[in-house]
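Novice: what shape does this take:
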Amino acid sequence: MLILVRHGRTPANEQGLLQGRLDQDLDAYGRRQAVAVADFIGETCAVDEVIASPLLRAQQTAAAFGLQIETDPEWMELSYGEYEGTPHGDVPAEVWQRWSADPHFAPVGGESLAALDARVRVACEALIERATDRNLVVVSHVSPIKAAVGWALDVDLSVGIAFNSHLDQASVCRIIFRAGRPLLQSFNECARGLPEQPEADWLASIDGT
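Specialist: You can find the predicted model right below:
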């Protein structure tokens, strides 16, 4: 099984900033989320391997599983280039429109959704054999996780990454494999016992964190 985990909260998440490749530590609440999601997954299955984006927030969330971490840059968040660190509401409306309408659009110094989708699909394909009979946790970010879900559903890029859905911090999506084919088993599972932390509602299709 491929178990996709979104990292815990960072100060940028709390402040409503477009985070992308900004490399921040988890905040105190995010560290609690990391422990909670590791416990939550451990209650449902044995984890055999842990893979994580190289960004600190993913590495620190992955460390809560207590296993050796395999770092894979293919699972890194989308780069927002010149807009990283910008409050969500300060990004011009026309930029959001281009992002949602054109998967090949990239801001100055940033990455397009098409490029992200391509690298995530390669990463997913590389894990099929390992995840067929082992439980692999991949700690990543909203955009790569949505791309992986789109891959599992065998849908077009415009649906896979930009579908109108929400992923909570420290949430879980599970992909199982039958005859080498991925099947989405769950989406946005959340550990219980932590208070909800509402996030800014800016663009459902691109979370940026």
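Novice: now the strands for the protein?
Specialist: 2-6, 49-52, 69-71, 136-140, 172-178, 181-189 (DSSP state E).
Novice: save these as CSV, and put in mean neighbour count and distance to Ala38 too.
Specialist: Every C-beta, even on glycine, is put in place using the N, C-alpha and C of the backbone. Listed next are the strands of the chain as CSV, based on neighbours: other Cβ atoms under 10 Å; distance: least, Cβ to Cβ, whole Å:
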stretch, mean neighbour count, distance to Ala38
strand 2-6, 26, 9
strand 49-52, 23, 9
strand 69-71, 15, 12
strand 136-140, 27, 8
strand 172-178, 19, 10
strand 181-189, 15, 13
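Novice: longest helix of the chain?
Specialist: If you go by DSSP state H, the chain has its longest helix at helix 113-133.
Novice: buried set for that one?
Specialist: If you call a residue buried by 16 or more other Cβ atoms under 10 Å, then helix 113-133 has these buried ones: Leu113, Leu116, Asp117, Arg119, Val120, Arg121, Ala123, Cys124, Leu127, Ala131, Thr132.
Novice: burial count for Phe105?
Specialist: Residues lying near Phe105 (other Cβ atoms under 10 Å) number 15.
Novice: what distance do you get for the closest residue to it other than its chain neighbours to Leu22?
Specialist: Nearest residue to Phe105 in three dimensions, chain neighbours excluded: Arg98, at 4.6 Å (Cβ to Cβ, 6 or more residues apart in numbering). Distance of Arg98 to Leu22, computed by Cβ to Cβ, to the nearest Å: 22 Å.
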